[in-house]
Structures are given as C-alpha cells and as structure tokens.
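>>> next comes the sequence, and after it the predicted model I'd like to discuss.
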There are 2 protein chains.
Amino acid sequence: MKILVSGGAGYIGSHTVIQLVAAGYDVVIVDNFSNSHPTVLGRLESLTGTPITLHSFDLCDHDKTEHLFASEHFDGVIHFAGHKAVGESVEKPLDYYENNLVSTFSLVRAMQKYDVDKLVFSSSATVYGEDQAGATEDRRTYATNPYGWTKVMQEQILRDVAVARPQMRFALLRYFNPVGAHPSGTIGEDPSGIPNNLVPYIAQVAVGKRDKLLVFGDDYDTVDGTGVRDYIHVEDLAAGHIAALKALEDTDEAVHTWNLGSGHGTSVLEMLRAFERAVGRELPYEVVARRPGDIATSYADPSKANRELGWRTKRSVDEMAADTWRWQSQNPRGFAG
Amino acid sequence: MKILVSGGAGYIGSHTVIQLVAAGYDVVIVDNFSNSHPTVLGRLESLTGTPITLHSFDLCDHDKTEHLFASEHFDGVIHFAGHKAVGESVEKPLDYYENNLVSTFSLVRAMQKYDVDKLVFSSSATVYGEDQAGATEDRRTYATNPYGWTKVMQEQILRDVAVARPQMRFALLRYFNPVGAHPSGTIGEDPSGIPNNLVPYIAQVAVGKRDKLLVFGDDYDTVDGTGVRDYIHVEDLAAGHIAALKALEDTDEAVHTWNLGSGHGTSVLEMLRAFERAVGRELPYEVVARRPGDIATSYADPSKANRELGWRTKRSVDEMAADTWRWQSQNPRGFAG
C-alpha cells in the first residue's frame, strides 16, 4: 500500500511518516517546505532505515499535482499540508483561504481523476469555535478566526465531495493540542519565529533562546487560573492517523469524524511544572494580560475515536515534556542547527 | 465613477447594469458567458443608449483579472459571477467550490493590489439554511447544499478580509427569489436546460415549451399547501444594488449585510394564478411529490435594508408575472432565438 503524505516534512507529518513505514506502508511525501525543513528527510531515512521519496512542490499547482498522480498510483492520501498560525491568518486571511482551500481542491481533483479513494484529513478542535470543552463530533461547526474557518470549510467540502462520489472515504481528524517529539530526539516541532504555542515556547525558554514564559492570564475559571488545554503527544496523534487510515480500508460509511485528544485538560502552569521536572530546574515565567480570543478550557471527548478506532492516547504530560526537551536540547536551533 | 460588474451579462447583473448607467456610473462588464449569452450586450446598449465595455474571461484566471485591474481603475465592484444551480452543486461540488471561491480570491486580490475598496457581493437567503422565514442578518449562517455553502464561505472570507484591510467596504446582499424582467421585454432570465426555479418554468409552460407545471407537494403547512417563497422583482433587486453601492461610499462600517426581499410570501399556486392573469388563460399543472430538501416557507425580513438603505420593493406579484411573460413571449427561445 502506497500512501501520499502532503506536508510530510512538517511536525505531525514527519512523525506519522515513521509510523506509516513501521506499519508496512510505502510512503511518498509532497511538501513545499513553506513551514518545514529539508533536513528532516535524512533524519526520517535514518529513523526508518528506508529511502523516502519526496516531491517538492506546492499542491496549489494543479498541473504538478495531477502529474504526480499520473506518474504513480497511491492507495490513499494523508493531507497535512496547510498554513496553521491563527494570528497570521487574521493578518493575511486571503493567503490562508487560498492556500488551504486551493491545495485541497487540487489534491481531491487529482484523487478523483486517478481513482484514489481514501483521504485522512488534518482538521482541528478549532472547528468547535469557543465551545471546545467536551465537544462531540456531531456539533455544528464554526470558527473564530480565518485559520479555523479554513478547517471548517475543508471539512464541508470533503463531506460534499463524498455525497457526489460515494466510493470515496474520508477521515476528518480533529486534533486538540499536539506536543512532544519523537523519543530519539532527532525530529520535533521547529516553529519559525516566535512560537505561537505553549510547549515550543517553554522549550525555547528552557534552552535559553527566550528569557521567560509569558502566561496570558491567571484569572480564568480553571484549576489554577491559567488556561487549560488537552495536549496530545505527537506520537499518539501519529498513531491515530494509522488507525484512521486502516479504518477507511474497511468501512461502508463515506465520512468519519474523530476527535483526537486525551480527554484531559492540563493548565499552563501544570505543563510548565512538567517541563521543569524534565529539565531539572525552575523556569522563569511572568503572568501578563489575557490574549483576546483565548478561551479558558478546551479538552476533547475522544470516546468516539476510542470506541471506533480502538485507539487512545498512551503518553503522559511528563513524557510530552521529556520528549520535547530531548528534541529541543539536542537541536537548540531546530533543523537549521 | 467606474464600476466593474462581474457576471454583468447574467440575469441580475444585466438588469443592474441598466440602472447603474441610469444612475450615472460608467460600467465595465466581465463575464465568461458560462451561463449567459453575448446577445445581451447589444440589448443593454440599446436600452441604455451607451456603449458598454465587456471583457470576456474567467475571473478564476488570476493573471487576466490582475491585468484588467492594472489597465483601468475601478471605483467599485459588483460581484455577481458564480455558479448558482443547487442540484448541479450537489452533483459537482468541487466545480462549485472551486469556481465560486477562486473567482472571489482572484477578484479580491486584484482589488487589494490596485486599491479598489468597495465590493457589493451577491449572497443569498440560502445562508439561513432551513430557517429562512423572517431571518434577520445577525443569524449564524449555514447551508444545506454546496451552492449555499459557497455563499456562506464567500461571506466569511470577505468579512475576514475586511478585518485585515479596514479601508475596504463590503455589502453582502442576501437575495430571496429574484423573478421578473425588464419592462421592455428585451432582457430577462434565460436558464439553460430545464429551469430550476418556479417562475421561468411557468413561463416556459405558458409559451408552450413545457407541457405543464410540476408542483412539488401541496401538503405543506402553508396557505394552500404549496411552498411559499419571497419573490422579488429583478428591477427592485437591481435598485437594491445601486442603493448598497451608494451606502458603501459613505460609511465607517466595513461590512454591511442586507436581506433583499419583499417581506411577503407567495405560494406556488398564487404565483401560477398571477401568471394566468398575465397570460389571459389557464395553465396546466400537476401536483407531484415533495422535492427532498425543499422547505415550506421562506420570506425575508428586509427591515434592515428598508431602514438603512431607504430601499424597499415596489413591484407586485402581478408585475413580476406580466414582465416575465412579456420577456418570454417576445423571446420564446431566450437570447438564442
């Protein structure tokens, strides 16, 4: 079985590639390195012991995408590629809508033309808007920023394609907050610029790249006043993709939607403490004002994925911190280092 | 003031062009004739007594769109262009999403690059999903078919662009059911194939092109059991566009959303009777099963447009029927005749 992984050089994509190879799939990556680094390829080949084919182009290019599908047959696609920074999406909405939607148009058109029927799609808990805590998959979706809307729209487009092409199978995976890194410490999250997310930010504080953690508000109605999120180890998340892909191989239902999270919330300060345990020293932080748009609490109801995929998260917050720290301390400047 | 009218050769576009010229605007049309006929141009020139510039290309072509904006300056855009058949959108969702979204991306990119700030956009009551009756503009939007979703998505994209580019001004016009024709009888709706909408269908029955009207269900909870819709004369609708465009010239608010409808519902049989009065004879019809997805009742709450635009519908159901009949009887084969 040969699987095309779009955005396979990215954070979640690269971790999933390793598990795909381990599960016996042939993997082909397409990535334009708009938010990833070619260095990851060599590391993936070392970790898997396998040469991995990479095509480096922008999926928004219909002709190149079609040419790829014309030149080799895929049994399925996992579609990670897409812009993903909330703040940037507010500043450059048209870039987000155009990139994320047109790449999906291009990919699905090529799939239709060359009879590739299975697609696993990277969606997000952001499709639950401000009502993420405990949301189940049947909720009507909406978003609070352009990035989130691209996910809402891509999901809707895929659902409508499934009606018109009933032989196709789609898994819409709604991620909560992916963190952690491969236990080898050789691949991990490598955000460009100032990290938008908590764990990469803490990691950069721990490695001395940032002065201190800024905690945005400690007066939320939560365990310690700081924001609570459902963090999922990227290794658990990658395993969810393999499970979803296998589920699509044997189902009569065209579209499956699954929340991928632990079901448990962790506060900012709880995550900071876990990181301090991993690093072995205290890390500086400062409480500042809330960020507009932030919600108090988000955690998954992953029971549908638990039940239907036989999948659940296995890795603790301490493992998330320890694996992130291993990656960050071995690669203080990320893949460029 | 020079206005670019996308889809200006189409049904609502062509009627709006006449009123734009009458109001003193210079008009430039861009239309790819995917669902319209070049013949309309000569008729528009006769009716307005003015030569009208036409560019014939697909707005999805970014390069051609940008070239147009580079070659002349526009003071505003009215964006009618788009696929609009609900049933076809279910069969070809990707065509609908790609055409309607990419043309909007292309148009708005060109507007941003060449500092064109005002856009009047053709939205639809379909963004109220199944809850159209009396819906006000602040309702959270959703749709029940891909065509409707393209409108929901285009509205959201424009709202987000407005946040990023606060100098831009957008009018989102949610049409109810446009019918009727120019009183001259020389332009009107010319659907290709079997009409999807009631009034063109009745008109084709009246002119002998179809055997009888099929009435889809007479057991709805309405005045006579048949479906009730808010019909708006295309001349009133065109006037709403002129009013919206003028409103954008003098407002501090970036995005305005207005329902354009009469506020009154008319049943299928009531419209049939009005048509019979216009034609002067009875027209054959047969009641058949409900169509899946049809709702019982839809009518606008146009009070926001009435108040803020000083605009309201003026033309009766009898005028809608009479003007449609004049157009259809003078042009039994539409523009191709």
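That came through fine.
>>> how far does stretch A:100-119 sit from the chain's center?
Offset of stretch A:100-119 from its chain centre (Cα atoms, centre = their mean, to the nearest Å): 19 Å.
>>> name the residues that touch stretch A:180-187?
A:14-15, A:18, A:40, A:43-44, A:46-47, A:188-189, A:199, A:233-235, A:315, A:319-320, A:323-324, A:326-331 (Cβ atoms under 8 Å, 6 or more residues apart in numbering or on different chains). C-betas here are computed from N, CA, C, even on glycine.
>>> convert the C-alpha atoms of that stretch to CSV, please.
What follows is stretch A:180-187 as a C-alpha-only set of coordinates in CSV (Å, rounded to 0.1, in the frame of the first residue of the first chain):
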residue,chain,number,x,y,z
GLY,A,180,6.1,16.3,22.2
ALA,A,181,8.6,14.8,19.8
HIS,A,182,10.0,11.5,18.6
PRO,A,183,11.7,9.7,21.5
SER,A,184,15.0,9.7,19.6
GLY,A,185,15.2,13.5,19.9
THR,A,186,16.1,13.8,16.2
ILE,A,187,12.8,15.2,14.9
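>>> first-to-last residue distance for stretch A:253-265?
31 Å (Cα to Cα, to the nearest Å).
>>> likewise stretch A:224-240?
Stretch A:224-240 stretches 31 Å from its first residue to its last (Cα to Cα).
>>> rewinding a little: among the contacts of stretch A:180-187, which are located in helices?
A:14-15, A:18, A:40, A:43-44, A:46-47, A:199, A:234-235, A:319-320, A:323-324, A:326-330 (DSSP state H).
>>> can I get the buried part of the residues you listed as one ChimeraX selection?
This is how ChimeraX selects the buried members of those, with burial counted by 16 or more other Cβ atoms under 10 Å in any protein chain shown:
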select /A:14,15,18,40,43,44,47,199,234,235,319,320,323,324,326,327,328
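>>> who's the residue nearest to A:L68 when sequence neighbours are not counted bridged to?
Once flanking residues are discounted, A:L68 sits nearest to A:H55: 5.8 Å by Cβ to Cβ, 6 or more residues apart in numbering or on different chains. Judged by DSSP bridges, the bridge partners of A:H55 are A:V30.
>>> my read is A:D301 is in a strand, agree?
No: read with DSSP: H, G, I helix; E, B strand; the rest coil, A:D301 is coil and lies in no strand.
>>> that one and chain B, how far apart?
Between A:D301 and chain B the computed distance is 22 Å (Cβ to the nearest Cβ, to the nearest Å).
>>> how about the contacts made by that residue?
A:G134, A:A135, A:T136, A:N259, A:G263.
>>> distance of the last one relative to A:F176?
Same thing as A:G263. 9 Å (Cβ to Cβ, to the nearest Å).
>>> so the closest residue in space to A:G293 that isn't next to it in sequence is in which element?
Nearest non-adjacent residue to A:G293, counting by Cβ to Cβ, 6+ apart: A:T144, 6.2 Å away. Assigned by DSSP states H and E, A:T144 belongs to no helix or strand.
>>> pLDDT score assigned to A:T144?
pLDDT recorded at A:T144 is 95.
>>> so which residues make contact with the helix or strand in which A:V120 is found?
Per DSSP H and E, A:V120 falls inside strand A:118-124. Contact with strand A:118-124 is made by A:7, A:12, A:75-80, A:82, A:107-108, A:111, A:148, A:151, A:154-155, A:158, A:168-175, A:241, A:244-245, A:248-249, A:257, as judged by Cβ under 8 Å, 6+ apart.
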